[in-house]
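**Q** Below are the sequence and a predicted model; questions follow.
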Amino acid sequence: MGKGSGGLFCAYEDVWLLDGVRTPFADYTGVLGLVSPIDLGIKAARGVFERTGIPSADVGSVIAGSVAQASFDAYVLPRHIGLYSGVPIDRPAHLVQRVCGTGMEAISQAADAITLKKIDLGLCVGAESMSRNPIAAYTHRGGFRMGQVEFKDFLWEALLDSAPGFTMGQTAEEIARPYKITREDVDRFAELSFTRALAAQKSGFLAGEIVPVVSEKFELHDHNPRGIQLPRGVESLAADTHIRPTTYETLAKIRPAFGGVQTGGNSSAIVDGAAAALVGSGAYAKSRSLTPLARVAAVAVVGVPPKTMVLGPAPAIRKLLEGAGLALHDVDRFEINEAFAAQIIGVERELQLDRGKLNVNGGAIAIGHPLAATGVRLAITVSRELRRSNLRYGIASACIGGGQGIAVLLENPR
């Protein structure tokens, strides 16, 4: 455990990802468009307790993340997720935010707390409503000046990194040229993401990590109830909605979004959803006779130039492997967030990754990228894939707006 130049690294000896689940990821302004991210987080948290049989009373701390403030009670998101999922009232909760790396940061902070013997069990949740991002104004507290009324779409404006003056999409275009990534390259990759995700959906693999969402109330003694209300006529949402048969020919017809190779079809889908995981000590797992999903072996976080933030996973993965004493070929599966097709291809080429090991069940281009939930999903998915394929090591990783990269090393205990 320690800190060195060029980022942060921490290895863990006896920290375990006990299990995790997620809601389906639903298209922007779709089935989950009016649901608070707090309620999505509560649903995922309740789902992981139900899945594992682990008592919510055993949780020592709730670590939750949500990047955008998508409800008026957003300040209390971690606290309400804990309380309404059954965590005792005397257990603390706090919010983490590392943009697209938020979910992995939550897992990392739980691992730190376990290593420091603060807790034996942590509830880690990422919840995001992209649909409920506000139309916002930051300068009108003192009134309106003539001609200077300024309300903007927070979701759209947040895609601009004001330091380099680049949108997130432009950072993908910035690396497309030096890595010689063509429009055909990105559309072919997007086609593969949809094909793999569709196969994983049809085989039932993705369903194995999903808790269906229904209209329901979340009761809490002596407090106001919360809940989820789906649109009229929708009884249940049990599968990701963006996954669909998608051909290269269809993708090739979509107009560029940023003047280069990226389009709405080969970029991550804008979706709403949540994911939750339980991270515990080895002693806790033994006390409950649990078979963990994976060992949380190490975490690395690095900074990179904001203009090329999309390459963040490459140095993060290198730092992770160096600290863990592993080589790239020792890793059997990589689950790297597909923010943009040019981004994931750039990381693939920089590290010379075997595409047969990368996002084998599809990625965010097909499944979607609800910012804070993504990191938890990546960790759950790669761990489940290691178990299914009887492989040892997997890495979950993501680029991070503003210029960072994060990576988590997971080991199959079997």
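**A** That came in fine, so what should we check first? Numbers count the residues shown, from 1 in each chain.
**Q** Can you list the residue ranges for helices in the stretch 251-400 of the chain?
**A** 282-287, 313-324, 341-351, 364-367, 371-389 (DSSP state H, counting those that start in this stretch).
**Q** Dump the ones you listed to TSV, plus mean neighbour count.
**A** Where you see a C-beta, it was placed from the backbone N, CA and C, and this is true even at glycine. Output for the helices of the stretch 251-400 of the chain, formatted as TSV (neighbours: other Cβ atoms under 10 Å):
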stretch	mean neighbour count
helix 282-287	15
helix 313-324	23
helix 341-351	25
helix 364-367	30
helix 371-389	27
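**Q** if we compare those helices, which one ends up closest to residue 148?
**A** Among these, helix 371-389 comes nearest to residue 148, with 30.5 Å by Cβ to Cβ.
**Q** Tell me the helices and strands packed up against the closest one.
**A** Helices and strands touching helix 371-389, as assessed by 3 or more Cβ pairs under 8 Å, 6 or more residues apart in numbering; DSSP states H and E, comprise strand 15-22, helix 102-115, strand 121-128, strand 271-281, strand 294-303, strand 333-336, strand 393-400, strand 404-411.
**Q** Any idea which of the ones you listed gets closest to residue 52?
**A** The nearest among those, by Cβ to Cβ, is strand 15-22 at 4.8 Å.
**Q** Rounded mean pLDDT for that closest one, please.
**A** The pLDDT scores in strand 15-22 average 98.
**Q** now for whatever helix or strand comes next after that strand, which elements pack on it?
**A** Following strand 15-22 in sequence order, the next helix or strand is strand 26-27 (DSSP states H and E). Packing contacts for strand 26-27, counted by 3+ Cβ pairs under 8 Å, 6+ apart, involve strand 271-281.
**Q** Enumerate every residue touching residue 105.
**A** Taking Cβ atoms under 8 Å, 6 or more residues apart in numbering, we find residue 105 in contact with 65, 96-98, 301, 375, 406.
**Q** ugh, wrong one, I meant residue 242
**A** Contacts of residue 242 by Cβ under 8 Å, 6+ apart are 25, 27, 269, 271, 366-368.
**Q** For it, which non-adjacent residue is closest in space?
**A** residue 269 (4.2 Å; Cβ to Cβ, 6 or more residues apart in numbering).
**Q** The one you found is in contact with residue 365, isn't it?
**A** Yes: using Cβ atoms under 8 Å, residue 269 is in contact with residue 365, at 6.7 Å.
**Q** Let's test this: mean pLDDT of stretch 28-40, rounded?
**A** 98.
**Q** do the same with stretch 282-298
**A** pLDDT averaged over stretch 282-298 gives 98.
**Q** As PDB, could you dump the C-alpha coordinates of that stretch?
**A** Provided in PDB are the C-alpha atoms of stretch 282-298 (Å, rounded to 0.1, in the frame of the first residue of the first chain):
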ATOM      1  CA  GLY A 282     -11.900 -12.400   4.300                       C
ATOM      2  CA  ALA A 283     -12.900 -12.900   7.900                       C
ATOM      3  CA  TYR A 284     -16.400 -11.600   7.300                       C
ATOM      4  CA  ALA A 285     -16.800 -13.900   4.200                       C
ATOM      5  CA  LYS A 286     -15.700 -16.900   6.300                       C
ATOM      6  CA  SER A 287     -18.000 -16.000   9.200                       C
ATOM      7  CA  ARG A 288     -21.000 -16.100   6.800                       C
ATOM      8  CA  SER A 289     -19.700 -19.200   4.800                       C
ATOM      9  CA  LEU A 290     -19.700 -17.100   1.600                       C
ATOM     10  CA  THR A 291     -18.000 -17.800  -1.600                       C
ATOM     11  CA  PRO A 292     -16.900 -14.400  -2.900                       C
ATOM     12  CA  LEU A 293     -17.300 -13.500  -6.500                       C
ATOM     13  CA  ALA A 294     -13.700 -12.200  -6.800                       C
ATOM     14  CA  ARG A 295     -10.800 -10.900  -4.800                       C
ATOM     15  CA  VAL A 296     -10.200  -7.200  -5.000                       C
ATOM     16  CA  ALA A 297      -6.400  -7.500  -5.600                       C
ATOM     17  CA  ALA A 298      -5.300  -3.900  -6.400                       C
END
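**Q** part of a strand, is residue 244?
**A** No: read with DSSP: H, G, I helix; E, B strand; the rest coil, residue 244 is coil and lies in no strand.
**Q** residue contacts, it?
**A** Residue 244 touches 194, 198, counting by Cβ under 8 Å, 6+ apart.
**Q** Residue 187 versus that one, what's the distance?
**A** From residue 244 across to residue 187, the span is 15 Å (Cβ to Cβ, to the nearest Å).
**Q** SS state for the residue lying closest to residue 245 once chain neighbours are set aside?
**A** Of all residues not flanking residue 245 in the chain, residue 198 sits nearest, at 6.4 Å (Cβ to Cβ, 6+ apart). Here residue 198 is recorded as helix under three-state DSSP.
**Q** Please tell me I have it right and residue 198 contacts residue 361.
**A** No: using Cβ under 8 Å, residue 198 makes no contact with residue 361, being 10.0 Å away.
**Q** Now do stretch 134-143: everything it contacts.
**A** With Cβ under 8 Å, 6+ apart as the test, stretch 134-143 has contacts from 68-70, 148-154.
**Q** Okay, and which of those residues map to strands?
**A** Using DSSP state E, the members of the contacts of stretch 134-143 that fall in strands are 152-153.
**Q** Closest one to residue 262 out of the contacts of stretch 134-143, please.
**A** residue 153 (19.4 Å).
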